[in-house]
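Peer 1: one predicted model, sequence on top.
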Amino acid sequence: MKSVERLLDLDFLLKLRLVVARYGEMDSARWWNTQGLLGRYGAVALARGFPRTHPFVQARIVFAVARSRCHEVFDPPGCMTLWSLPAAIEEQFDSHWQTWLDQMREWTPFLKSIEQLSGELLGILQDLALITPAQVETVGKLRRSAEGRAVPLPGAHHPSNDSLSLLAASFSCGEPGNLAVPYARLSA
């Protein structure tokens, strides 16, 4: 199998997951049951037990809750979501945590920037240079499924920075307290 790095940037995926994870917490969009864990409250709560690594501990906890909540709401077979990618990619993502821990200084500004998110998800993703104006236009044409639990991306996709940006941005089709899980059919 090709290295994931040829298809997508794991740092980019981490940033997308961090922003969506933070945005979906109970003090913002209310999609999953964590209360500001990726914000200042979470830093204070976990810094004592994990003085050097607490930002990534916070991230892993919120990622697990977000993944579980999205799985409960909508889990389509043969598809990918921001929280459920092909196994090889998830394995490489998990094995990359030590690299990120070793780069704590480089990650600190980004982690601080998401502690206090304000505004709409699309604007936040644009401000952080994680989506393009063309992707914003694409997302503007998407609609929730009939039951309102999902947001299908048209066509079939390979995991790539572009498709993952669309999956992250499509969370904006949900409403506060009403999660709609974006998904894309996987290309053969």
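Peer 2: Cool, got the structure.
Peer 1: tell me what the lengthiest strand in the chain is packed against?
Peer 2: If you go by DSSP state E, the chain has its longest strand at strand 150-157. Contact partners of strand 150-157 among helices and strands, from 3 or more C-beta pairs under 8 Å, 6 or more residues apart in numbering; DSSP states H and E: helix 161-169, strand 181-186. Every residue, glycine included, has its C-beta placed from N, CA and C.
Peer 1: these: which one's closest to Leu130?
Peer 2: helix 161-169 (6.2 Å; C-beta to C-beta).
Peer 1: and that closest one, how far out from the chain middle?
Peer 2: 9 Å (C-alpha atoms, centre = their mean, to the nearest Å).
Peer 1: so what touches it?
Peer 2: Residues from elsewhere that reach helix 161-169, judged by C-beta atoms under 8 Å, 6 or more residues apart in numbering: 8-9, 12-13, 16-17, 19-20, 80-82, 121-122, 125, 130-132, 135-136, 138-139, 153, 157, 182-184.
Peer 1: of the residues you listed, which belong to helices?
Peer 2: 12-13, 16-17, 19-20, 121-122, 125, 135-136, 138-139 (DSSP state H).
Peer 1: now the residues you listed as TSV including pLDDT, neighbour count and distance to Gln58?
Peer 2: Shown next, in TSV, are those (pLDDT from 0 to 100; neighbours: other C-beta atoms under 10 Å; distance: C-beta to C-beta, whole Å):
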residue	pLDDT	neighbour count	distance to Gln58
Phe12	97	15	20
Leu13	97	22	17
Leu16	98	23	16
Arg17	98	20	12
Val19	98	25	14
Val20	98	28	14
Leu121	97	23	19
Leu122	97	18	24
Leu125	97	25	20
Gln135	96	19	27
Val136	96	16	28
Thr138	96	18	31
Val139	97	24	27
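Peer 1: let's have these in CSV, adding distance to Ser95.
Peer 2: Shown next, in CSV, are the ones in helices among the contacts of helix 161-169 (distance: C-beta to C-beta, whole Å):
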residue, distance to Ser95
Phe12, 17
Leu13, 13
Leu16, 18
Arg17, 16
Val19, 22
Val20, 22
Leu121, 29
Leu122, 31
Leu125, 26
Gln135, 28
Val136, 32
Thr138, 31
Val139, 31
